[in-house]
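K.L.:
Mind looking at a prediction? Sequence and model below.
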Amino acid sequence: MAQRKRQAANAGVKAALRFYFPTFAPARLFRRLCAGVYVLAADSWGKWKSSVDIVSATQCVWSRMASDNPGLRWIASVRDSFGEGMQRVSFRRDARVPRAVNMLANIKGADMGASIEKQDFDAVSVAASHASEPDTMCTSRSSHDSLGEDYPEGRWRAWSTVLGAWLILSCSVGMTSAFGVFQDYYTTTWLNDRSASAISWIGGVQIFLELILGPIGGKLFDLGYIRTANISGCLLFTISFFLLSLTKPHQYIQILLAQGVGMGAGIGILYIPAQAVVSHHFRSKRALAMGLVDSGASIGGIFLSILLNYLIHGNVGFVWGIRIAAFVSLSLFIIGNLLIHIPAMPPRPASPPPTTLTDSVYILTVMWGFVASLGMYFPAFYVQLFARRHGIAESLAFYSVAIMNGASVLGRVVPSYLADKWGKMEVFVACATFGGLVGFAMLGCATPAGLVLFVLVYGFFFGASVALYLPVIDALTPAGMDKGKRMGMAVVPVGVACLVGPPISGAILGSTYTWWKGVTFASLTDTIPCIFLVVALYIHRRNKNRSADKEKTDALECKREDV
């Protein structure tokens, strides 16, 4: 009997040694010890909050084992000093915790000079149940938290990442939000030999590449190349921005390649990593954080539209106006990349993840994104040209895009805050429906007051629809699936629609500028697909209720087994 107890104790110690020191290579051991020292130093300054996890639960086992066994005292001291730091630095540990803990728990009842109390092992068993592997019956199936994901919510590295991603998107995606300035200037001056439909292809290609390259950016994110993707996208965007200043009047192909292809590809590489990296820093405020980041596109659109209108139509001119804007973007890109903190990625479960193509809620949401994007950007592209064609003063027409982006800031932040409280899918459906209906009001904004009212209301719901799309996709992503890949797949159809939507609207508008045709097409394509969202919301609620009932049933079965 005593021999079996000693064998169980030795097996537990060996399992723990393999867990904390998988190899005795000096370099790896030194790195782990340094990581523990760093995190403990951060704890002493209050940057880390203490939490009850599997490490603290097993501390009693180590201390009692070492109390009567001098050979284990050094191991126990290393565990007490560095174990918690290692747990916080590495996510890869959590998937292996239950095996080591269960081996230690088997020592229960062993007489090692000091009895291990029942509550100590209860703490171990509770902690092991929370960190159990995916194939365990009582494992939580509904959240990423079951994978041991750590959220530095409310801390400096979380909010600095929000600020850094905000700066990056304000300079990159903000340029697509300000394309109405280019649409007006190219149509009247720089490319006046081209139709409005042909010019809108430039903005369409830019948005198309921004979204169609989402799977590439998402895959880079899942592989851990977040910093590489952000820096590469920023460099490509900046170089293409400077190349745009070298183009001459009536050089349509050169402008299409520089602004449409080059700048669009740069945005496409960094867009998903800049968005998804924020979601790994937040849990309860995830939609709000992603909405704040997405508001950078609107604020960047405000700033860039005012700056470009002032420079291009002023004494500076098109060439140096573009160069000044490019230098500003380069400076903000550098600051933004320095502020972003890259989180450790959670481990993947042993069980295969569900197939995306069988997720009906996901498919219906993506279908809405495709159809709605055919007409959603029509007001953003054509509102400044619409105002000037209807005799509204240039002093107000030049600010119409900026006002719309200003309202879009509130639309990206306020509904995102409400989505964390009332449900992401519910708020998203309401904002998308109202946004489509408001689009018809563009026909009645031929006066200054009507123009301002329209751009304020439409900008709000437009910003909400755009900002909530990816948080909804994130909320629909099951635990264990590649989040970046799933987000990237969701924006590909949107990119295709943004490529063909503005040119179709421009062709319907025609050379005579028959505005009611273009507005009607854009508003119908924005309103009708809301039916997809209503059906998706119904299925989502039904699945949610079924999942809750199943979890209750599993909990009851676990209690019966314990009894």
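P.N.:
Perfect, I can see it now. The structure presented is a predicted model; accordingly, all values stated were derived computationally and were not measured.
K.L.:
nearest spatial neighbour of Tyr185, skipping sequence neighbours?
P.N.:
Closest residue in space to Tyr185, ignoring its immediate chain neighbours: Ile312 at 5.8 Å, by Cβ to Cβ, 6 or more residues apart in numbering. No exception for glycine: its C-beta is placed from N, CA and C like everyone else's.
K.L.:
what number of residues lie near the one you found?
P.N.:
21 (other Cβ atoms under 10 Å).
K.L.:
The one 5 residues further on now?
P.N.:
If you count neighbours by other Cβ under 10 Å, Gly317 ends up with 11.
K.L.:
check contacts around it.
P.N.:
Leu311 (Cβ atoms under 8 Å, 6 or more residues apart in numbering).
K.L.:
Could you tell me the per-residue confidence at it?
P.N.:
pLDDT recorded at Gly317 is 91.
K.L.:
isn't the residue nearest to Tyr185 right next to Asp184, touching?
P.N.:
No - between Ile312 and Asp184 there is no contact under Cβ atoms under 8 Å: 9.8 Å.
K.L.:
what's the burial count for Ile239?
P.N.:
The number of residues packed near Ile239 is 16, by other Cβ under 10 Å.
K.L.:
Can you tell me the element it falls in?
P.N.:
When elements are assigned from DSSP states H and E, Ile239 belongs to helix 226-244.
K.L.:
Who are the packing partners of that helix?
P.N.:
Other helices and strands packing on helix 226-244, by 3 or more Cβ pairs under 8 Å, 6 or more residues apart in numbering; DSSP states H and E, are helix 156-177, helix 214-222, helix 263-279, helix 317-339.
K.L.:
and the angle for it with helix 156-177?
P.N.:
Orientation of helix 226-244 against helix 156-177 (axes from the mean of the first three to the mean of the last three Cα atoms, to 10 degrees) gives an angle of 30 degrees.
K.L.:
Using PDB, write out every CA atom in helix 226-244.
P.N.:
Taking C-alpha atoms only, helix 226-244 is exported to PDB below (Å, rounded to 0.1, in the frame of the first residue of the first chain):
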ATOM      1  CA  ILE A 226       0.200  40.300 -36.900                       C
ATOM      2  CA  ARG A 227       3.000  42.800 -36.800                       C
ATOM      3  CA  THR A 228       4.300  41.700 -40.200                       C
ATOM      4  CA  ALA A 229       0.800  42.200 -41.800                       C
ATOM      5  CA  ASN A 230       0.300  45.600 -40.200                       C
ATOM      6  CA  ILE A 231       3.700  47.000 -41.300                       C
ATOM      7  CA  SER A 232       3.500  45.500 -44.800                       C
ATOM      8  CA  GLY A 233       0.100  47.000 -45.400                       C
ATOM      9  CA  CYS A 234       1.100  50.400 -44.100                       C
ATOM     10  CA  LEU A 235       4.200  50.400 -46.300                       C
ATOM     11  CA  LEU A 236       2.300  49.400 -49.400                       C
ATOM     12  CA  PHE A 237      -0.400  52.000 -48.700                       C
ATOM     13  CA  THR A 238       2.100  54.800 -48.100                       C
ATOM     14  CA  ILE A 239       4.200  54.100 -51.200                       C
ATOM     15  CA  SER A 240       1.100  54.000 -53.400                       C
ATOM     16  CA  PHE A 241      -0.100  57.200 -51.800                       C
ATOM     17  CA  PHE A 242       3.100  58.900 -52.900                       C
ATOM     18  CA  LEU A 243       2.900  57.400 -56.400                       C
ATOM     19  CA  LEU A 244      -0.600  58.900 -56.700                       C
END
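K.L.:
And that helix, what's buried?
P.N.:
For helix 226-244, burial by neighbour count (16 or more other Cβ atoms under 10 Å) applies to 226, 229-234, 236-244.
K.L.:
Let me see the contact set for the residue nearest to Tyr185.
P.N.:
Val181, Tyr185, Phe318, Gly321.
K.L.:
Tell me which two in these are the farthest apart.
P.N.:
Val181 and Phe318 (11.1 Å; Cβ to Cβ).
K.L.:
Counting neighbours, go ahead and name the busier of the two.
P.N.:
Taking other Cβ under 10 Å, Val181 and Phe318 do not tie; Val181 has more neighbours (24 against 21).
K.L.:
Give me the pLDDT value at that one.
P.N.:
89.
K.L.:
now do the one 3 residues further on
P.N.:
In the predicted model, Asp184 carries a pLDDT score of 87.
K.L.:
in what helix or strand does it lie?
P.N.:
Using DSSP H and E, Asp184 sits in helix 179-185.
K.L.:
try Tyr513
P.N.:
Tyr513 is located outside every helix and strand, with elements delineated by DSSP H and E.
K.L.:
Same check on Ser197?
P.N.:
Judged by DSSP H and E, Ser197 forms part of helix 196-212.
K.L.:
I'd like to know which elements that helix is packed against.
P.N.:
On a contact count with 3+ Cβ pairs under 8 Å, 6+ apart, helix 196-212 meets helix 156-177, helix 179-185, helix 263-279, helix 378-389, helix 483-509.
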